[in-house]
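# sequence? don't have it. structure:
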């Protein structure tokens, strides 16, 4: 499942640059969010990068976006093959 950023977020900005999938962004309301279509839970790494740097522990698994490991791996492989999927 993708991750989401809870209301505990202090908007420190640490997570936005650590996400290898570029899934974290700031909304028009200046709230940090994670795009579930891009989040792969860092399946190819030992630990989720955003969760590891979040001192507020505001980044949690999002039960509304459940995915199997196979789905996450497919998404990650697609991202590597198609750089245009990443946000600027």
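Happy to help now that I have it. None of the values given here were measured: they were computed from a predicted structure.

# Model confidence for residue 51, exactly?
Looking at residue 51, its pLDDT stands at 95.

# no, scratch that, I was asking about residue 33
As predicted, residue 33 sits at a pLDDT of 97.

# ok, and residue 79, which helix or strand is that part of?
Using DSSP states H and E, residue 79 sits in helix 69-81.

# So which bits of that helix are buried?
Buried residues in helix 69-81, counted by 16 or more other CB atoms under 10 Å: 72, 75, 76, 79. For every residue, glycine as well, the C-beta is placed using N, CA and C.

# Give me the packing partners of the worst-scoring helix or strand of the chain on mean pLDDT, helices and strands only.
Least confident helix or strand of the chain, by mean pLDDT, DSSP states H and E, is helix 69-81 with a mean of 87. Here helix 69-81 touches no other helix or strand, going by 3 or more CB pairs under 8 Å, 6 or more residues apart in numbering; DSSP states H and E.

# Tell me the gap between it and the middle of its chain.
On the basis of CA atoms, centre = their mean, to the nearest Å, helix 69-81 sits 13 Å off its chain's mean C-alpha point.

# Pull the number of nearby residues for residue 19.
The local packing of residue 19 (other CB atoms under 10 Å) involves 24 other residues.

# With adjacent residues omitted, what lies nearest to it?
Closest residue in space to residue 19, ignoring its immediate chain neighbours: residue 50 at 5.4 Å, by CB to CB, 6 or more residues apart in numbering.

# quick one: contacts of the helix or strand where that neighbour lies?
In this assignment (DSSP H and E), residue 50 forms part of helix 49-53. Helix 49-53 has contacts (CB atoms under 8 Å, 6 or more residues apart in numbering) with 3, 14, 15, 18, 19, 20, 24, 34, 42, 59, 60.

# How is residue 45 classified with respect to secondary structure?
Secondary structure state of residue 45, per DSSP: H, G, I helix; E, B strand; the rest coil, is coil.

# what's the neighbour count on the residue lying closest to residue 18 once chain neighbours are set aside?
Distances taken as CB to CB, 6+ apart place residue 49 nearest to residue 18, at 4.3 Å, with adjacent residues excluded. For residue 49, the count of nearby residues is 19 (other CB under 10 Å).

# can you pull the pLDDT of residue 84?
According to the prediction, residue 84 has pLDDT 49.
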